[in-house]
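In: Prediction below, plus the sequence it came from.
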Amino acid sequence: MTDNTDLTVNIAGIKMQNPVMVASGTFGFGNEYKNFYDINKLGALVTKGLTLMPKAGNPPPRIHETPAGVLNSVGLENPGVEQFIAKEWPCLSKLKIPVIANISGDTVEDYYKIAKQLSTLENLAALEVNISCPNVEKGGLAFGQEPESASEVIKAVREATRLPIIAKLSPNVSHIQKIAEAVVSAGADAISLINTLLGMAIDIHSMGPVFCRKFAGLSGPAVKPVALRMVWEVYEAVSVPIIGMGGITTWQDAVEFILAGATAVAVGTANFVNPIAPIEIIEGLKTYLYLKETNLHDLIGAAH
Amino acid sequence: MTDNTDLTVNIAGIKMQNPVMVASGTFGFGNEYKNFYDINKLGALVTKGLTLMPKAGNPPPRIHETPAGVLNSVGLENPGVEQFIAKEWPCLSKLKIPVIANISGDTVEDYYKIAKQLSTLENLAALEVNISCPNVEKGGLAFGQEPESASEVIKAVREATRLPIIAKLSPNVSHIQKIAEAVVSAGADAISLINTLLGMAIDIHSMGPVFCRKFAGLSGPAVKPVALRMVWEVYEAVSVPIIGMGGITTWQDAVEFILAGATAVAVGTANFVNPIAPIEIIEGLKTYLYLKETNLHDLIGAAH
Amino acid sequence: MSTPAALFANITQNTQIAPDIYLMEIEAEIAEAAQPGQFLHIRCSDTFAPLLRRPISISDADKKTGKVEIIYRVIGQGTHLLCQKRPGDRLDIIGPLGRGFPMPEEGKTSIIIGGGIGVAPLLYLAKQIAKDHKNGHLPLTFLGFATKQEAFGIDFLSSLGIKATICTDDGTLGYKGFPTTLFKEHLNQYQDKSNLIIYACGPKPLLSSIKDIAAGEHITAYLSLEERMACGVGACLGCSVKSSQAGYKKVCKDGPVFEAGEIELE
Amino acid sequence: MSTPAALFANITQNTQIAPDIYLMEIEAEIAEAAQPGQFLHIRCSDTFAPLLRRPISISDADKKTGKVEIIYRVIGQGTHLLCQKRPGDRLDIIGPLGRGFPMPEEGKTSIIIGGGIGVAPLLYLAKQIAKDHKNGHLPLTFLGFATKQEAFGIDFLSSLGIKATICTDDGTLGYKGFPTTLFKEHLNQYQDKSNLIIYACGPKPLLSSIKDIAAGEHITAYLSLEERMACGVGACLGCSVKSSQAGYKKVCKDGPVFEAGEIELE
Ligand SMILES: Cc1cc2nc3c(=O)[nH]c(=O)nc-3n(C[C@H](O)[C@H](O)[C@H](O)COP(=O)(O)OP(=O)(O)OC[C@H]3O[C@@H](n4cnc5c(N)ncnc54)[C@H](O)[C@@H]3O)c2cc1C
Ligand SMILES: Cc1cc2nc3c(=O)[nH]c(=O)nc-3n(C[C@H](O)[C@H](O)[C@H](O)COP(=O)(O)OP(=O)(O)OC[C@H]3O[C@@H](n4cnc5c(N)ncnc54)[C@H](O)[C@@H]3O)c2cc1C
Ligand SMILES: Cc1cc2nc3c(=O)[nH]c(=O)nc-3n(C[C@H](O)[C@H](O)[C@H](O)COP(=O)(O)O)c2cc1C
Ligand SMILES: Cc1cc2nc3c(=O)[nH]c(=O)nc-3n(C[C@H](O)[C@H](O)[C@H](O)COP(=O)(O)O)c2cc1C
Ligand code: FES
Ligand code: FES
């Protein structure tokens, strides 16, 4: 009944067969979930965050469970852009779906350089520019908390590449609309939000913070209401497409984000809980559209 | 074994027999929970938010459950300061524990006036100044999002009263430390945090926001990691006492907040789930101190 | 009003009585105090999923045996967890809560109208009216269900000597149609309606219809309402219903039973 | 390595075998592929409390019957929910996951050392070594428990012909002391230790001690580690353990079994 439902979306030139992506850092470089389903069924794949140089990441523990959420302090562990291109890209580039590289930097220059290097890759669909990572010493979150610094990073990446730029925003701000407007003026073609909320946990036995870096990033169902509100706000502020994420575990969650204004959604923490969540969401979306006798495009932002 | 454990704390001159308070808006004016235990056992009671004029509050629905959290859009329903003094105060003033009035305003002048009026009450222990309510049209949250406006409100209240002032901060900000510093310079004697996180929910059947006012305030266990991080940050920024709240449901949670730097804690949403939560937390604290062979004062901020 | 308590009750029975509808019997001291129309606020899980308690009306209570009954429909996470509990498990409850149905004054003719799961609290009410001999009559009872399979409470009423008028949306049991329609027809037989007193619980359209009839005919009517609740005790101001005067009433504390004129049903 | 699957297995048994320790048997196709040292990633609740899966080692698997066993200690919310499940319930699992214990090469003498709940995966390992006739010997087995009551697996080993050396912290069963102490003494009887291969699982101090002994005596040792996990499949980079080279290894994918020299135990 619903097999010829049109779920295609086009985000800043990235053509996706459906609006369900997987969120950066929750899907590695795509190898791990191949055992559970054909990942060519996804809308798009976003890589683990990449940096110019290899990063070892933070010492353990890196994961702490909270009510309906997860705190993580992975710290952008990644092989660096060169190793990524040498070791991961050959396999990724063979996927039939768009692959988006998520990038981070300690300095504006880092962002420029890594964008430049990745732009040489044929088939890479876009860059998702992470200006919101709470788990690293320099840069990261700080870039995403002020319109000026956010804009600077996006401008540098814009100069470095002709690839579509997705700015990934931090929820740890007073006025998300101002950040969104700033990155769009600076050249972002799309916005994804939210990255993790800054949180912490304390071990009452050892009487110290659970994580070496004290603060960590909160994700999962717990943050969904905040994420949804931010997608709603940004939809009212800018006209570029939005990729919504934050606690999406079911197709109902995905529909909420789309109604709030997201053109696509990304599944993060839910992958850990239910490895086939993205596929279930795609199927659920089809059925919903069928029953509501509507199409995806009319759904986007329809709750406004 | 633990009955003579010293749990007393003094917050800006408010002498409390223990550090466990109940959070504004979750305990009415104290009448409803009298059936479940002797509320004179609490550290202190904070009233429902008061405004100068009576407020009818928002239309239903006002409550929506989220994963490990609650969105509320009560909208500061309250009888106004005059009715409060006439009808609620006589009963409240007879309690043996400190009663703190939580106040809100549409304008800085409102805050001044209500503070002035409440200052006439003998026995009122303090004013908790809510500059962070997300559920009203004017003022509320907006005051708490910028250091300047937050400071203006506290200055006005400072002029109006000699009562201790507790500034209640919003978590919906980029830099909580800046707001904390601003309110302390403006004359706040203590800080309570966090108020609710701004969130929303969408009804996928009606395809519109669940709440008339679209956004609502998120509280409960889901927000605990964020609250804890903010208490930690504020503890490092200012030296006034902190009242920590946000998702506290057990004594373990309370201990985390105290280790992060809270001198007292407030129980909010947990009252709805377990009406005797505050009493269980007081008892649990005693046992923890006994087993750890430490005292409350050494615990405050001990995780730093 | 009775003083509510927070306690763990012992579950003595939890049986499916219709598709998705369960009857649970618990042993609780509050059996003594429980009035028809009052409710229990139940913690369905000891985890945070779901976080909040769920309000369920008392459908019967017996001082002598110390037993309280509830009848509930499984619709979401909370009631799903509830239906998995077994005799011997303990149930975390607060209650009895709220303002129940006021008993009819002497000489009044009570009419009870219920729809679907809304029939639950009316069973206890019917029993108390039937018992209350000073009243000298059995309540006239109109109940509506979607279909025969979903009907419940009929035997309970029969055992009290009450022969309820049953209707179903699809006509598989009793009359085909709504209980409000039958009730309206029935009303015509009264010359003097000032002696009637109506009690109703059910879906919003049923309540609205009763409210309109009661207003038109100047009959006193008591309606039991539902609203999303957090605290259940009047502390959070979450469960508001528009008052016919200014402002809002609280379903958990001012209600759940309201005189029809007190509140607005949008 | 075997390909993991996400599936619902049928629970056929869930019995308490010691205070707070349970043995669960499930029917799952993965019985075929499961290697000693691999684990299952189990969703203990279908709600978000707790949200994440829990890793539990495979303590036995039988290709023929299609049964898999796990032995787990109830310590928190997840394992508490697990122990409430009953035969006939279904269990949401991913597995088999991780790199298990490599079988000893021909002619090697296997020594198994386990402590507490860490004994669980070693039972399956012992069985496979015992079965593996080309190896021609039964593994020498040293197990430690806090107290007699908490000991488990001894009968299982006996049935394989393995007479394990048991110690308890309080001396209520077997020797009083740690299995590592006994093992150290036992080591003295070997002139040539190069033929030994050690397998260990248990608390950190046990693993550290084995790692030190193995390094000192140049014996190959395989240690099964634990770390908090989110995905369990190598995608989140959450379960890191310091590599003895630069950077970190992933317990879920590179382990949980590591050659002692590969990793640092702080
Ligand atoms: C005073 C009172 C008495 C009640 N008595 C009974 C009773 O005797 N028997 C019975 O079966 N039910 C009764 N209810 C309704 C019952 O409380 C809800 O069905 C229950 O809370 C649903 O919980 P859940 O977790 O199963 O479903 P949820 O997952 O919470 O909800 C499932 C669906 O129902 C909607 N919903 C949930 N609660 C309400 C509500 N209060 N109003 C409107 N929509 C809602 C949700 O939005 C969702 O779409 C009563 C409610 C009130 C307020
Ligand atoms: C590869 C692997 C195999 C395992 N095999 C077994 C097994 O066969 N049998 C068995 O009983 N257990 C095993 N465990 C441990 C088991 O995963 C935990 O005991 C379980 O996750 C606890 O879940 P919970 O919800 O009951 O407790 P929680 O509430 O999550 O935790 C209770 C307490 O234990 C701590 N804790 C939880 N998980 C870990 C961890 N991984 N490392 C350190 N501390 C932790 C928590 O901080 C908390 O203090 C294994 C772990 C790993 C990583
Ligand atoms: C373990 C983990 C690692 C993550 N790593 C990255 C990363 O490298 N880059 C990035 O932009 N976001 C990263 N994120 C954030 C997610 O992409 C996503 O924005 C966030 O988790 C919210 O979505 P969720 O609630 O569905 O997980 C990470 C999240 C988790 C849980
Ligand atoms: C129903 C409800 C009403 C509230 N009303 C007020 C209020 O009037 N004034 C105020 O300062 N905070 C109010 N709050 C915020 C709480 O006092 C508290 O800061 C917040 O809920 C976080 O704590 P918790 O997670 O323990 O509930 C309200 C919270 C809830 C849930
Ligand atoms: S549910 Fe809290 S006031 Fe009614
Ligand atoms: S748990 Fe995710 S990488 Fe190991």
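Out: Structure's in. What do you need? Residues are numbered from 1 along each chain as shown, chains lettered A, B, ... in the order given. Ligands and ions are numbered 1, 2, ... in the order given.

In: if I pick residue C:86, what's in contact with it?
Out: C:11, C:14 (C-beta atoms under 8 Å, 6 or more residues apart in numbering or on different chains). For the C-beta atoms, the positions are set from N, CA and C on the backbone; glycine is no exception.

In: And it, how close does it get to residue C:56?
Out: 18 Å (C-beta to C-beta, to the nearest Å).

In: Do you know the pLDDT at residue A:2?
Out: pLDDT, residue A:2: 53.

In: let me redo that: residue A:206
Out: pLDDT, residue A:206: 96.

In: so where does it fall, helix or strand?
Out: Using DSSP states H and E, residue A:206 sits within no helix or strand.

In: And residue C:157, by the same measure?
Out: With DSSP H and E as criterion, residue C:157 is part of helix C:154-159.

In: Now do that helix, average pLDDT.
Out: 94.

In: Pull out the buried residues from the next helix or strand after it.
Out: Later in the chain than helix C:154-159, the nearest helix or strand by DSSP H and E is strand C:165-168. Neighbour counts using 16 or more other C-beta atoms under 10 Å in any protein chain shown place C:165, C:166, C:167, C:168 of strand C:165-168 among the buried residues.

In: same question, stretch A:217-236
Out: In stretch A:217-236, counting by 16+ other C-beta under 10 Å, buried: A:217-235.

In: Stretch A:240-260 now?
Out: Neighbour-count burial for stretch A:240-260 [16+ other C-beta under 10 Å]: A:240-251, A:253-260.

In: of the buried residues of strand C:165-168, closest to chain B?
Out: When the buried residues of strand C:165-168 are ranked by distance to chain B (C-beta to the nearest C-beta), residue C:168 comes first, at 25.3 Å.

In: ok, the closest one - contacts?
Out: Neighbours of residue C:168 in contact, by C-beta under 8 Å, 6+ apart: C:144, C:145, C:146, C:147, C:148, C:151, C:174, C:175, C:176.

In: now swap in residue C:172 and tell me
Out: C:147, C:148, C:149.

In: is it true that residue C:187 touches residue C:216?
Out: No. Judged on C-beta atoms under 8 Å, residue C:187 makes no contact with residue C:216 at a distance of 9.9 Å.

In: Those two: who's more crowded?
Out: Ranked by neighbour count (other C-beta atoms under 10 Å in any protein chain shown), residue C:187 and residue C:216 place residue C:187 first, with 16 against 10.

In: Tell me the spacing between that one and ligand 1.
Out: 27 Å (C-beta to the nearest ligand atom, to the nearest Å).

In: and that residue, what does it touch?
Out: So, once contact is read as C-beta under 8 Å, 6+ apart, residue C:187 ends up touching C:193, C:213, C:217.

In: let's see it at 7 Å
Out: C:193, C:217 (C-beta atoms under 7 Å, 6 or more residues apart in numbering or on different chains).

In: Now it. Its backbone dihedrals?
Out: For residue C:187, the backbone dihedrals (degrees, to the nearest 10) come out as phi -60, psi -30.

In: elements contacting the helix or strand hosting residue C:123?
Out: Residue C:123 is located in helix C:119-131, with elements delineated by DSSP H and E. On a contact count with 3 or more C-beta pairs under 7 Å, 6 or more residues apart in numbering or on different chains; DSSP states H and E, helix C:119-131 meets strand C:60-62, strand C:109-115, helix C:154-159, strand C:196-201.
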